[in-house]
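>>> Take a look and give me a structure for this.
(one chain, ligands or ions: 1)
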Amino acid sequence: MAKKPAYAASRKDYKKNAAVRTGLISWFRENGRDLPWRRTRDPWRILVSEVMLQQIQVARAIPFYERFVRSFPTVGALAEAPLAEAIRVWDDLGRYRRVVNLHRTARIVVEEHGGRIPADPEVLVTLPGVGPYTAGAVACFAFERDVSFFDTNMHRVLHRVYFGPEVPEPAAKPKELLALAAGLVPAGEGWTWNQAVMEFGALQCTARNPRCDGCPVAGHCRAHPVMPEALAAITRATKGEPGRRYEDSNRYLRGRVLAQLRDTGPDGGLELREIWDGLRRGGVDVEASRLWAAVRSLEDDGLARTAPAGDPGAGPPAPRPAEAAAEERAAYGAEDGDLARVRVALP
Ligand code: SF4
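Numbering: from 1, shown residues only. This is a model prediction of the structure:
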C-alpha cells in the first residue's frame, strides 16, 4: 500500500490553494521587483545569483552580481580563470567558501557536462555548494521546471498561511512543508509561483514586521488572527539579549584578511606580520593567535595558501623598524618569530 504523504490536500484545501495561488501571483505581478536575474533564463547567471543571494540582501548583492557576470559571462570563463582571480572579483561580498565552490562547480560543469549547466535538480545537487534549494531554484528559474523548493522566506509564508505562526516554535516539520509546497506549484506557472512566494516573504510577509493589513491572502491565513501576539512574545523574549558585534566575528576578520590579499596583485602575498600591521592600521586590533587561526581556516577552505618563513619563493623579508619588530615579538612570542614571517597569498 502506498505510504500516506505527510501533507495531503483535503477537498476544502483545493479552494484555499486556488485562492492563495491567485492572490500571491496577482500580488507579484503588481509588486515584484525588477531584478537583473529575473530578466534572464541563462542558467549560469541564475546559478551565480542564487549562490550569492543566500542570506545576503538583494540590494547589496546586485553590484557584486553584475561585476561577477561581467567578468565571467559564461561558466567556461570562470572555469578557465585561476581561483585567485575569482576571489578578487567576488570582492567584499563575504561568504567566501561560496566562490571556491562556484569555481569548482564551473570546472565540473565544463569537464563532465560539456559546459552546460544541468537542468535536473537531482544532478544539480551533486555540484559543490549546490543544496536542494539552489538546485530547485536553478531548475525552476532557468529551465522553467515546475519544481518546488524553499528558502527561509518561502518557508515562513507557507508555514503562516497553512499552519499558523512559525514562532516561537514551528508547528510543521520541514517534510510536511515540502509536501505542501510540492502540491501548490501550478502546472506551467512554476517560475511565477516560486518567484511570487519568495518575493512576498521578502517584502510583505516579513519575519518581524508582516503587513497583514491589506494582505491579499489574509482571509486564508491561519496565522493572521494571532500574528501580533506571536510577534510580541518574540520581541519580549529577545529584549535585552546582548548582541554580538559583527566586527568581533571571525567572519569579519576573514573578510579583512582576504581584502588585504586581494590588494597584493596577481603574484603577491603578505607576511603574517604585514597582515597584522595592516589590520591594526585599519582599526582592527586582533590577537596574533586569532589572526593565525583565521588564516588557517581560510587555507582549510581553499581561500588562501601559506608558505613557511624562509621559503625560497617567498622573497626577502621587508626591513622592519626596531619598534615594530619589538611589538611583533611581544605579540607572537619570541618562539613564534617564524610564524610572523609565514607568507600568506590567495590560492
Ligand atoms: S496575513 Fe500576515 S502572516 Fe498571513 S500571509 Fe498575510 S502578511 Fe503573512
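>>> and this structure, which of its residues are near the ligand?
Neighbours of the ligand within the chain, by Cβ under 6 Å from any ligand atom: 160-161, 204-205, 210-212, 215, 217-218, 221, 223-224, 227. In short, each C-beta sits where N, CA and C put it, glycine included.
>>> Quick one, which of the residues you listed are buried?
160-161, 204-205, 210, 212, 215, 217-218, 221, 223-224, 227 (16 or more other Cβ atoms under 10 Å).
>>> Filter the residues of the chain next to the ligand down to just the ones in helices.
Assigned to helices by DSSP state H, the following of the residues of the chain next to the ligand qualify: Arg160, Val161, Met227.
>>> ok, now which ones touch the first one?
The neighbours of Arg160, taking Cβ atoms under 8 Å, 6 or more residues apart in numbering as the test, are Glu166, Cys205, Pro210, Cys221, Arg222, Ala223, His224, Met227.
>>> Just name the closest of those residues to Arg254, please.
Glu166 (31.1 Å; Cβ to Cβ).
>>> Number of residues surrounding the closest one?
20 (other Cβ atoms under 10 Å).
>>> can I see the domain layout of the chain?
11-235, 247-345 (automatic domain parsing).
>>> In stretch 62-81, which residues are buried?
Ile62, Phe64, Tyr65, Phe68, Val69, Phe72, Val75, Leu78, Ala79, Ala81.
>>> Tabulate the contacts of Arg160 in CSV, adding columns for distance to Tyr133.
Shown next, in CSV, are these (distance: Cβ to Cβ, whole Å):
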residue, distance to Tyr133
Glu166, 17
Cys205, 18
Pro210, 22
Cys221, 23
Arg222, 24
Ala223, 23
His224, 27
Met227, 25
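>>> Among those, name the ones in strands.
Among the contacts of Arg160, no member falls in strands (criterion: DSSP state E).
>>> Redo the residues you listed as JSON lines? Include pLDDT.
JSON lines is the format used below for those (pLDDT from 0 to 100):
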{"residue": "Glu166", "pLDDT": "90"}
{"residue": "Cys205", "pLDDT": "97"}
{"residue": "Pro210", "pLDDT": "95"}
{"residue": "Cys221", "pLDDT": "96"}
{"residue": "Arg222", "pLDDT": "95"}
{"residue": "Ala223", "pLDDT": "95"}
{"residue": "His224", "pLDDT": "95"}
{"residue": "Met227", "pLDDT": "91"}
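>>> which residues does the closest residue to Leu102 other than its chain neighbours contact?
In space, and not counting its chain neighbours, Leu102 is closest to Val51: 5.5 Å by Cβ to Cβ, 6 or more residues apart in numbering. Residues in contact with Val51 (Cβ under 8 Å, 6+ apart) are Arg98, Asn101, Leu102, Gly129, Thr134.
>>> Check the gap between Val51 and Trp44 for me.
11 Å (Cβ to Cβ, to the nearest Å).
>>> From the ligand, how far off is Arg60?
24 Å (Cβ to the nearest ligand atom, to the nearest Å).
>>> what sits against Pro170?
Counting by Cβ under 8 Å, 6+ apart, Pro170 has contacts His159, Phe163.
>>> try 10 Å this time
His155, Arg156, His159, Phe163, Gly164, Glu176, Leu177 (Cβ atoms under 10 Å, 6 or more residues apart in numbering).
>>> Repeat that for Arg33.
So Arg33 contacts Val58, Ala59, Gln195, Glu199, Ala202, Leu203 (Cβ under 10 Å, 6+ apart).
>>> Try it again at 7 Å.
Glu199 (Cβ atoms under 7 Å, 6 or more residues apart in numbering).
>>> so it sits in a helix?
No: with DSSP: H, G, I helix; E, B strand; the rest coil as the criterion, Arg33 is assigned coil and is not in a helix.
>>> tell me the pLDDT at it?
With respect to pLDDT, Arg33 scores 97.
>>> And for Thr264?
Looking at Thr264, the pLDDT reads 78.
>>> In terms of helices and strands, where is it?
Taking DSSP states H and E as the definition, Thr264 sits outside all helices and strands.
>>> in the chain, which helix or strand is least confident?
Within the chain, confidence by mean pLDDT, DSSP states H and E is lowest for helix 322-332 among all helices and strands, at a mean of 54.
>>> ok, how many other residues are close to the nearest residue to Leu298 once chain neighbours are set aside?
Among residues not flanking Leu298 along the chain, Ala304 sits closest, at 4.0 Å (Cβ to Cβ, 6+ apart). Counted with other Cβ under 10 Å, the neighbours of Ala304 add up to 24.
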